[in-house]
Structure formats: C-alpha cells, structure tokens
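>>> Here is a sequence with its predicted model. Questions after.
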Amino acid sequence: MALIVSLIFLIFSAVFAAPSNEYGFSVEMIHRDSPKSPMYNPSESHYHRLANTLRRSILLNKAVALLDTAEAPMFNDRGEYLVEVSLGTPPFPILAVADTGSDIVWTQCQPCPKCFEQTAPMFDPSKSSTYKIIPCSSPSCALAGQERSCSDRSECRYSISYGDGSHSNGDFAVDTLTMGSTSGRPVAFSRTMVGCGHDSGGTFSTNVSGIVGLGRGPASLVPQMGAASGGKFSYFPSVTVHFEGADVPLRRENVFVMVAENVVCLAFRGGDGQSISIYGNIAQINFIVGYDVTRNSVSFKPANCSAM
C-alpha cells in the first residue's frame with residue numbers, strides 16, 4: 001500500500017528565556033507557507049509548497065558552498081521564518097526575516113532612494129521620539145561590523161552583505177524595540193542598536209522590510225536583551241506527517257535520534273522520488289499503530305508505551 005509521506009513545518013514560536021520568577025518574552029515566527037504569512041499563496045497545493053521548499057534548500061546549499069569570506073550566510077527572500085517586532089516610539093510594526101547567521105537588526109527606513117520594493121509601510125525615524133543615530137566616537141559604533149564607516153557628520157554607518165549577494169547600508173542607531181511576551185503584555189527594550197537602511201538590495205521579498213539578526217555577535221538581538229534573555233533563545237520544529245486521509249503530529253522522539261554524545265540527527269532520509277516511501281520505526285515510537293486489512297487502512301494513537 002503506497003503511503004504518501006511529507007512534512008510540514010508549522011508556525012514556530014521563539015521563546016526568550018527569563019528568570020524563573022518572572023515571565024518570558026515571546027515573538028511569533030511565521031512560516032512562509034502559513035496562512036498567516038504575507039507570502040502564503042492559497043492557489044498552491046501542498047506538493048507545490050514542498051517542491052518550493054526543496055528548491056530553496058538546494059539553492060541554500062549551493063550558496064553556502066561558495067562562501068570563502070566572513071560573509072553571513074543569509075538567504076532573505078527564501079528565508080523560511082519571519083518575525084514581527086515593533087520599532088520606535090510610538091511602536092511601528094516590522095516584519096523581518098529571522099536569521100541566526102548574522103547579527104545586525106535592521107529595517108529599511110525613509111528616505112530610501114536605493115531600497116528594494118516593500119509592500120508594507122516603511123519605518124520613518126523622524127517620527128520616533130526615541131530614535132538616535134550613534135556617533136562615530138561612541139564605543140557602540142564598533143559593533144556595527146568590520147565594514148562600518150562614518151558619515152560627513154561623524155555619524156556611525158553600518159554595511160552588511162550576505163551569502164546570496166544581498167546587502168544593506170545605512171545609519172547605525174538606537175531605538176526602542178518592542179515585542180510580545182508570554183504574559184500577554186508587550187515588552188519594550190530601550191536603546192536597542194538597529195540599522196536604519198537607506199541602501200538595500202538583493203533577493204528580498206516585497207513582504208519583508210529587513211532582518212532580525214540572531215547570531216552570536218554583540219549587535220545581535222539576543223545579547224542586546226541582556227538579563228531578560230539570559231543570553232539564550234529557543235524555538236520549536238512542530239512536525240506533522242501527512243497520510244492520505246489523516247495527519248499524524250510527531251513528538252520530539254519521533255523526529256530526532258541521538259547517534260553519539262552531543263550528536264543528534266534528524267530521523268528522516270530523503271527519497272529519490274521514484275520508490276515507495278517508508279514510514280520507519282522511529283516515527284512510530286509511543287504510538288499504538290492499528291492495521292485494518294479489511295479496509296486497507298492504518299491508524300495511529302499516541303500512547304506511553306513504556307507504561308503499558
């Protein structure tokens with residue numbers, strides 16, 4: 001019996017850890033193929049979306065292989081996850097690509113004579129009462145990266161490029177960044193270092209306005225949150241297997257397998273597209289699997305098998 005097996009990665013939520021006696025901070029990360037994403041195309045079938053994902057993966061691997069400099073491996077237009085935060089006072093919503101491979105948080109800003117097209121309104125720093133460009137004499141300017149420079153007015157400027165040839169240049173500033181929280185109340189982080197882009201281009205989608213850098217550098221969003229994040233952040237891979245007629249949500253033990261100390265592998269193997277797909281035993285852990293040979297059907301019921 002041929003079973004058509006595919007994966008979908010649903011909406012991710014990034015949770016920034018806080019001390020145990022306080023609440024944490026959260027921001028919704030939206031998969032590009034989620035109905036909540038501005039990139040969602042309702043006319044595409046599940047198989048079209050899966051094929052597009054595979055193509056993006058192939059392009060990503062090719063681009064990484066070409067890297068021989070310290071450029072951040074960012075694939076913005078084809079980035080899978082978007083994050084929504086707000087910048088400035090009053091808060092201005094921004095939808096940006098979440099990138100663990102780079103550090104700088106930036107968005108396109110007015111005026112923007114050399115910017116890529118974006119459909120959402122563009123951030124105007126002149127309308128934020130908390131926006132301030134960092135002077136070149138400030139130690140914070142050094143965090144703008146190796147390609148930083150100074151303007152004629154001795155104001156700090158950032159310049160960043162990515163593995164796919166995309167780039168962004170502009171003012172390096174501080175402003176208030178606001179995001180949601182697990183308590184339901186918005187949480188504001190004052191004097192967050194951000195890039196205000198006036199020259200950006202590459203393969204960016206028109207639905208995004210910039211990038212939220214989540215790398216390990218000091219200009220990344222995570223260390224800028226200070227004690228509120230404890231230097232840590234996390235997100236979680238919800239994985240569902242699609243059978244004809246039913247879906248089976250998997251647990252962590254069905255998706256990952258530890259093959260050595262501190263080495264964890266994804267418990268899936270790609271097929272050649274020609275042979276039958278095999279639903280392996282790891283995916284069946286802690287499920288009661290029922291077979292109805294009369295109806296030619298199979299059923300899955302979550303269970304704690306060790307307690308049975």
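Noted; the coordinates are in hand.

>>> for residue 96, what are its contacts?
If you count contacts by CB atoms under 8 Å, 6 or more residues apart in numbering, residue 96 has them with 82-85, 105, 107, 208-212. Where you see a C-beta, it was placed from the backbone N, CA and C, and this is true even at glycine.

>>> Can you tell me which helix or strand of the chain has the lowest average pLDDT?
strand 7-9 (a mean of 31; mean pLDDT, DSSP states H and E).

>>> hang on, the earlier thing: quick check on the contacts of residue 96: which are buried?
Of all the contacts of residue 96 considered here, the ones buried according to neighbour count by 16 or more other CB atoms under 10 Å are 82-85, 105, 107, 208-212.

>>> quick one: which of these is nearest to residue 40?
Within the set of the buried ones among the contacts of residue 96, residue 82 lies nearest residue 40; the separation is 11.0 Å, counting by CB to CB.

>>> quick revisit: restricted to strands, list the contacts of residue 96.
Counting by DSSP state E, the contacts of residue 96 place 82-85, 107, 210-212 in strands.

>>> hmm, who's touching stretch 141-152?
With contacts defined as CB under 8 Å, 6+ apart, stretch 141-152 is touched by 70, 103-104, 134-136, 156-161, 171-172, 193, 195, 217-219.

>>> Are any of those residues buried, and if so which?
By the neighbour-count criterion of 16+ other CB under 10 Å, the contacts of stretch 141-152 include these buried positions: 103-104, 134, 136, 156-161, 171-172, 193, 195, 219.

>>> just curious, which of these is nearest to residue 251?
Using CB to CB, residue 103 is the member of the buried ones among the contacts of stretch 141-152 that lies nearest residue 251, at 33.3 Å.

>>> quick one, what contacts the residue nearest to the closest one when sequence neighbours are not counted?
Nearest residue to residue 103, sequence neighbours excluded (CB to CB, 6 or more residues apart in numbering): residue 217, at 3.5 Å. With contacts defined as CB under 8 Å, 6+ apart, the neighbours of residue 217 are 103, 143, 223.

>>> Residue 204 touches residue 116, doesn't it?
Yes. Between residue 204 and residue 116 there is a contact under CB atoms under 8 Å: 4.7 Å.

>>> one step back: closest to residue 268 out of the contacts of residue 96?
The closest of those, once distances to residue 268 are taken by CB to CB, is residue 82, at 24.4 Å.

>>> Look at the residue nearest to residue 103 and give its secondary structure.
Residue 217 carries the three-state label coil when classified by DSSP: H, G, I helix; E, B strand; the rest coil.

>>> Equivalent analysis for residue 240, please.
Secondary structure state of residue 240, per three-state DSSP, is strand.

>>> Repeat that for residue 49.
Of the three states, residue 49 takes helix according to three-state DSSP.

>>> Based on its surroundings, how many neighbours for it?
17 (other CB atoms under 10 Å).

>>> Let me know the distance separating the nearest residue to it once chain neighbours are set aside from residue 285.
Nearest in space to residue 49, with sequence neighbours left out and distances taken as CB to CB, 6+ apart, is residue 33 at 4.7 Å. When distances are taken as CB to CB, to the nearest Å, residue 33 and residue 285 turn out to be 27 Å apart.

>>> Who has more neighbours out of the two?
Under the neighbour definition other CB under 10 Å, residue 33 and residue 285 were set side by side, and residue 33 has more, 20 against 14.

>>> So what's the predicted local confidence for the more buried one?
Model confidence at residue 33, given as pLDDT, is 78.

>>> next one: the one 4 residues further on
Residue 37 carries a pLDDT value of 85.

>>> Repeat that for residue 204.
Predicted confidence (pLDDT) at residue 204: the value is 85.

>>> how many other residues sit next to it?
Other residues lying near residue 204 total 23 when counted by other CB under 10 Å.

>>> Now it. Its backbone dihedrals?
The phi and psi torsions at residue 204 (degrees, to the nearest 10) take the values phi -70, psi 140.

>>> any idea how far residue 122 is from it?
Computed with CB to CB, the distance linking residue 204 and residue 122 is 13 Å.

>>> Kindly report the same for residue 241.
Computed as CB to CB, the residue 241 to residue 122 distance reads 41 Å.

>>> what do you get for residue 114?
Distance, residue 114 to residue 122, by CB to CB: 13 Å.

>>> who has more neighbours, the two?
Summary of the neighbour comparison: residue 114 and residue 122, criterion other CB under 10 Å, with residue 122 having more neighbours (17 against 12).
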